[in-house]
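Student: what's the 3D shape of this:
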Amino acid sequence: MRRRTGTKKARRQFTPDEKATILRRHLGAALQDGRTQRGLAQSGAAERARLLAIEAQLPKEDAIIALVSEEHVALKKRSFAGRGACCS
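Tutor: So this is what the prediction gives:
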């Protein structure tokens with residue numbers, strides 16, 4: 001591995017317009033192609049559908065967590081009931 005001995009090179013700063021130009025040049029005709037844009041829109045719709053399905057499961061999972069937590073607290077109360085004060 002080679003060590004750098006010179007001064008540190010300053011990072012280049014680009015304006016938003018320059019960044020867009022660089023990206024267009026880098027990606028080429030892919031952004032101009034309608035099929036690519038349709039594919040991106042379809043994958044975005046699929047992602048939204050997946051997120052909606054996951055969000056629909058959340059209330060059920062919350063109810064399960066609440067039930068298990070309630071049972072856990074009840075179990076702890078029963079196990080410590082006869083011991084008196086804990087950790088005084």
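
Student: so where does the residue most central in space within the chain fall, helix or strand?
Tutor: For the chain, the residue sitting closest to the mean C-alpha position, by CA atoms, centre = their mean, is residue 51 at 11.4 Å. Assessed by DSSP states H and E, residue 51 sits inside helix 34-80.

Student: what's the spacing between that helix and its chain's center?
Tutor: Put simply, helix 34-80 sits 14 Å off its chain's centre (CA atoms, centre = their mean, to the nearest Å).

Student: what pLDDT, on average, does it get?
Tutor: Averaging pLDDT along helix 34-80 yields 86.

Student: coming back round to it: what separation is there between the residue nearest to the centre of the chain and residue 44?
Tutor: 11 Å (CB to CB, to the nearest Å). Where you see a C-beta, it was placed from the backbone N, CA and C, and this is true even at glycine.

Student: okay, and the common contacts of these two?
Tutor: Counting by CB atoms under 8 Å, 6 or more residues apart in numbering, residue 51 and residue 44 have no shared contacts at all.

Student: and residue 19, what's its pLDDT?
Tutor: Looking at residue 19, its pLDDT stands at 89.

Student: over to residue 10?
Tutor: 86.

Student: neighbours around it, how many?
Tutor: Residue 10: 6 surrounding residues under other CB atoms under 10 Å.

Student: which positions within stretch 45-65 qualify as buried?
Tutor: When burial is assessed from 16 or more other CB atoms under 10 Å, stretch 45-65 yields no buried residues.

Student: same thing with stretch 61-78?
Tutor: Within stretch 61-78, judged by 16+ other CB under 10 Å, no residue is buried.

Student: send the alpha carbons of it over as CSV?
Tutor: Output of stretch 61-78 as CSV, limited to C-alpha atoms (Å, rounded to 0.1, in the frame of the first residue of the first chain):
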residue,chain,number,x,y,z
GLU,A,61,-49.0,-8.0,15.4
ASP,A,62,-49.5,-5.1,17.9
ALA,A,63,-52.5,-7.1,19.5
ILE,A,64,-50.3,-10.2,19.8
ILE,A,65,-47.5,-8.2,21.5
ALA,A,66,-50.0,-6.6,23.9
LEU,A,67,-51.4,-10.1,24.8
VAL,A,68,-48.0,-11.6,25.4
SER,A,69,-46.8,-8.6,27.4
GLU,A,70,-50.0,-8.8,29.5
GLU,A,71,-49.5,-12.5,30.2
HIS,A,72,-45.8,-11.9,31.1
VAL,A,73,-46.7,-9.1,33.6
ALA,A,74,-49.4,-11.3,35.2
LEU,A,75,-46.9,-14.2,35.5
LYS,A,76,-44.3,-12.0,37.1
LYS,A,77,-46.9,-10.6,39.6
ARG,A,78,-47.9,-14.2,40.6
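
Student: fine by me, thanks again.
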